[in-house]
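Undergrad: take a look and give me a structure for this.
(one chain, ligands or ions: 1)
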Amino acid sequence: MSHFNSRARGEQTTLYGACAATAAMVHAQVKFDLTFFKRFLKLCRWMFPSLCSKAAVMTLFLLLLSLLEQVVIYNIGLIASKYFKVLGTKDRQGFTTHTIISVVLIIAEAFLKSCITYVASMLHITWRQSLCTRLHHTYFCNILYYHVNVVDNTVDNPDQRMTQDVDKMTDTFSKVFVPIIISPFKIGYYMYQASIATGYIGPVSVLCFFMVFSLINKFLMTPVVHYVYKQERREGDFRFKHMQIRTYAESAAFYRAGQVEEVKTNQKLDQLIGTQRRLIHWNFALNFSINTADYLGSILSYIALAFPIFLGRYDNLAPADLSALISKNAFVCIYLINCFTTLIDQAKDVTDVAGCAHRIGQLTEVMGRIKADQEDTYDFASGTYSSFELSPRHLWPDDSGSYQEMHATEPAFHMDGVTYGPPKSSTVLCRDLSVQLQTGVNVLVTGDSGCGKTSLLRVISGLWRPSKGRVNKLVAQGPSGVLYLPQKPYLTNGSLRDQILFPCTEAEVVPDDDKMHEYLSLVGLDQLLERLGGLDVDLDWNWYDELSPGEMQRLSFVRLFFHKPRFAMLDEATSQVSQEMESLLYNTCTGMHITLLSVGHRDSIRQFHHMMLHFDGTGSWTLTPTHSGDHGDSGSGGGDGGVVSEGAGLDSQHVQLSGVQASHSES
Ligand SMILES: Nc1ncnc2c1ncn2[C@@H]1O[C@H](COP(=O)(O)OP(=O)(O)OP(=O)(O)O)[C@@H](O)[C@H]1O
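TA: Residues are numbered from 1 along each chain as shown. Model (predicted):
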């Protein structure tokens, strides 16, 4: 008995478990559908910005064309029954007239079909353009693309979402949109016609048939949408791996990395194929349901017609008239079923639209979240995190231990008690850093690899948020204020002129060709002009493949000299060039009165700087004059107020204000 009870309890538990699992599944599905629906609606608002927009007018036109096509299709559908009649009664005159009308109808249908395809394609690219433009607008807003790709990392392959997914979604949607929209009208009309031909049996049986298959498809579509989403992700990963090989082909070749990269690329391929396999399994079930609906639909019309025939409703008709009537009614019923099966057929395309819309919607949400977060805490006008207002009497310690008003000269930025580390990490790279970049006082940042030198530039430029303290940028970031030369030179696409003008365009600056030639020749890149055939020739180069690392660095300096900003942040910007070239580049900066904050390992660049900021890798830092040759070890607890020497080529005011020796150590 107890055994029986425990078994019963076990079965009850299993039943409850099954019910709970089913409820959870249904709940998850509803939630998934709702999320998808909300995301899709948002994208629709972008695709149809207003009622008078180009897309809205084209959609209306497409709708009208499709309705007109339905009228023509209806008349073409009756051609067979009319032929039955004129041939059955041997009506020559009727045969000729009917043939001419049929040919005209067929030509009209061919023309309409082509027009519909044409307008749908135009609509596809219009939607693609407006969606991509909207996405780009947010993606390229400030430094959001950096956060999406480097800091946040919650969406995979954002590039693929904007390039491939938007294209696939808009293309498929432009094809399924109109058939779905006009379906209710078509169905209403043919239901009415079918009810005349077969009584209530025809429309009711077709409706039941449709409902059953819609329900089945609904349950099959959800996993398909899920796997379409996953497949797109894996596609992106697979392509990214190939992109990596393409971009770093030479480095990989030096390592003879073929074998190991083959394994890794095949792993990505296997993951993609695994997902595609699961998608194909679910598609098998969905296709089975769709095809069953299609073929069952084709005989359903005859079953519906059989009822009035066997009930003797058409007994009084001559054989030719009966054949014509059967043909006409069969067309009406078949077309009604076709309206429903077309809707069912769209299920496959709808899953593609849904999967892609899901991914694009997710990207917009993440970008919206990051943007809102930035707007809350980051002032892009001043380039500062937190709402810190610079007080006119804000003070800065000078070398004598007294305080000078920092506005007396014009620093590029100043940091006040800043602590920072990598985003989403508890690691502290630097603690309580107070430093400024004063006009005319070059600062060299040193320390071991990975100690946080580049991260300092990230914090100054606003890419990373300090966990404590304030960063105040007093000079605007840009070609006339502060220009950055990152560790990996950034070369955009376009001509040599585009590279030099970057980040400006021709419209924004006076393109002084003489200056460009002069600086190219100064850094020894005049042969580049010959290779390219001029400043404006765009050979569609991938500049990273065409130039050596040293050439890229020299080209970056041409950019710097051309813009001649007041301040420049150089992150190991001369690491790939010879010491002679390095001296030339630094001396030119000095000659142009560009104040530098450099990151570097080489001792040779010390002579071009007045102050040295040294990180020890544990969060401690020291700031000392370079001429003393003693930048202090971590934990050295501050210095004695050393100043930059006159020999550094500074005017005394600058020296006095910025020659701060300070240090901070954890102890
Ligand atoms: N996006 C990131 N997310 C998390 N950690 C990061 C990120 N970028 C860099 N780091 C980590 O932050 C630390 C400091 O990096 P940083 O680039 O500032 O080093 P560095 O001092 O400039 O080194 P090097 O001299 O080798 O260029 C490193 O340990 C690095 O791995």
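Undergrad: where do the helices sit along the stretch 51-200 of the chain?
TA: Along the stretch 51-200 of the chain, counting by DSSP state H, counting those that start in this stretch, helices occupy 54-77, 79-88, 92-139, 144-146, 158-160, 166-198.
Undergrad: just checking, what packs against the third one?
TA: Contact here means 3 or more Cβ pairs under 8 Å, 6 or more residues apart in numbering; DSSP states H and E; on that basis helix 92-139 packs against helix 2-47, helix 54-77, helix 79-88, helix 166-198, helix 319-377. In this view, the C-beta of every residue, glycine as well, is placed from N, C-alpha and C.
Undergrad: would you mind checking the average pLDDT for it?
TA: Mean pLDDT, computed over helix 92-139, is 93.
Undergrad: run a quick neighbour tally on Asn316.
TA: 8 (other Cβ atoms under 10 Å).
Undergrad: what kind of secondary structure is it in?
TA: coil (DSSP: H, G, I helix; E, B strand; the rest coil).
Undergrad: now do it against Asn329, distance only.
TA: 16 Å (Cβ to Cβ, to the nearest Å).
Undergrad: got a list of what the residue of the stretch 101-250 of the chain found nearest the ligand touches?
TA: Residue nearest to the ligand within the stretch 101-250 of the chain: Val150 (4.9 Å; Cβ to the nearest ligand atom). Counting by Cβ atoms under 8 Å, 6 or more residues apart in numbering, Val150 touches no other residue.
Undergrad: cool, Ala320 as well?
TA: Contacts of Ala320 (Cβ under 8 Å, 6+ apart): 84-85, 88-89.
Undergrad: repeat that for 6 Å
TA: Gly88 (Cβ atoms under 6 Å, 6 or more residues apart in numbering).
Undergrad: kindly report the same for Ile187.
TA: Cys339.
Undergrad: and the pLDDT at it?
TA: Looking at Ile187, its pLDDT reads 84.
Undergrad: for the helix or strand encompassing Val435, packing partners?
TA: Using DSSP states H and E, Val435 sits within strand 430-436. Counting contacts by 3 or more Cβ pairs under 6 Å, 6 or more residues apart in numbering; DSSP states H and E, strand 430-436 packs against strand 413-420.
Undergrad: list the neighbouring strands of the strand it packs on plus their orientation.
TA: According to DSSP bridges, strand 413-420 forms sheet pairs with strand 430-436 (antiparallel), strand 468-473 (antiparallel).
Undergrad: tell me the residue furthest from the middle of this protein?
TA: Asn316 (68.4 Å; Cα atoms, centre = their mean).
Undergrad: got phi/psi on that residue?
TA: The phi and psi values for Asn316, taken as degrees, to the nearest 10, are phi -80, psi 0.
Undergrad: tell me the confidence at it?
TA: 78.
Undergrad: please report the distance of it from Leu325.
TA: Distance, Asn316 to Leu325, using Cβ to Cβ: 11 Å.
Undergrad: joint contacts of these two?
TA: Counting by Cβ under 6 Å, 6+ apart, nothing touches both Asn316 and Leu325.
Undergrad: of all the residues in the protein, which ones are close to the ligand?
TA: Within the chain, the positions adjacent to the ligand are 150, 422-423, 425, 429, 447, 449-455 by Cβ under 6 Å from any ligand atom.
Undergrad: just to revisit the earlier point, sheet partners, orientation included, of the helix or strand following the strand holding Val435?
TA: Where DSSP H and E defines the elements, the next helix or strand beyond strand 430-436 is strand 443-446. Looking at strand 443-446 with DSSP bridges, its partner strands are strand 595-599 (parallel), strand 611-615 (parallel).
Undergrad: now Ala573: phi and psi?
TA: Residue torsions, per degrees, to the nearest 10, at Ala573 are phi -80, psi -10.
Undergrad: try Leu570
TA: Per-residue torsions, Leu570: phi -110, psi 110 (degrees, to the nearest 10).
Undergrad: same question for the one 5 residues further on.
TA: The phi/psi pair for Ser575 (degrees, to the nearest 10) reads phi -60, psi -20.
Undergrad: of all the helices of the stretch 51-200 of the chain, which one is nearest Tyr248?
TA: helix 158-160 (17.3 Å; Cβ to Cβ).
Undergrad: what's the distance between the closest residue in space to Val332 that isn't next to it in sequence and Ile187?
TA: Among residues not flanking Val332 along the chain, Gln193 sits closest, at 4.4 Å (Cβ to Cβ, 6 or more residues apart in numbering). Gln193 sits 11 Å away from Ile187, going by Cβ to Cβ.
Undergrad: from the chain's centre, how far out does stretch 76-96 sit?
TA: For stretch 76-96, the distance from its own C-alpha centre to the chain's C-alpha centre is 58 Å (Cα atoms, centre = their mean, to the nearest Å).
Undergrad: which pLDDT does the model give the residue nearest to Val332?
TA: Value listed for Gln193 in the pLDDT field: 80.
Undergrad: that one contacts Phe331, doesn't it?
TA: No: the pair Gln193 / Phe331 is not scored as a contact, 9.2 Å apart, by Cβ atoms under 6 Å.
Undergrad: quick one, which of the two is more surrounded?
TA: Phe331 (23 against 19).
Undergrad: can I get stretch 335-343 in CSV, CA atoms only?
TA: Below are the C-alpha coordinates for stretch 335-343, written out as CSV (Å, rounded to 0.1, in the frame of the first residue of the first chain):
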residue,chain,number,x,y,z
TYR,A,335,-7.7,30.2,-54.5
LEU,A,336,-9.3,30.5,-51.1
ILE,A,337,-7.2,27.7,-49.8
ASN,A,338,-4.2,29.2,-51.5
CYS,A,339,-4.8,32.4,-49.6
PHE,A,340,-4.5,30.5,-46.4
THR,A,341,-1.7,28.3,-47.5
THR,A,342,0.2,31.4,-48.7
LEU,A,343,-0.1,32.7,-45.2
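Undergrad: what does that stretch rub up against?
TA: Counting by Cβ under 6 Å, 6+ apart, 179, 183, 186-187, 190, 194, 206, 210, 293-294, 297, 300-301 sit against stretch 335-343.
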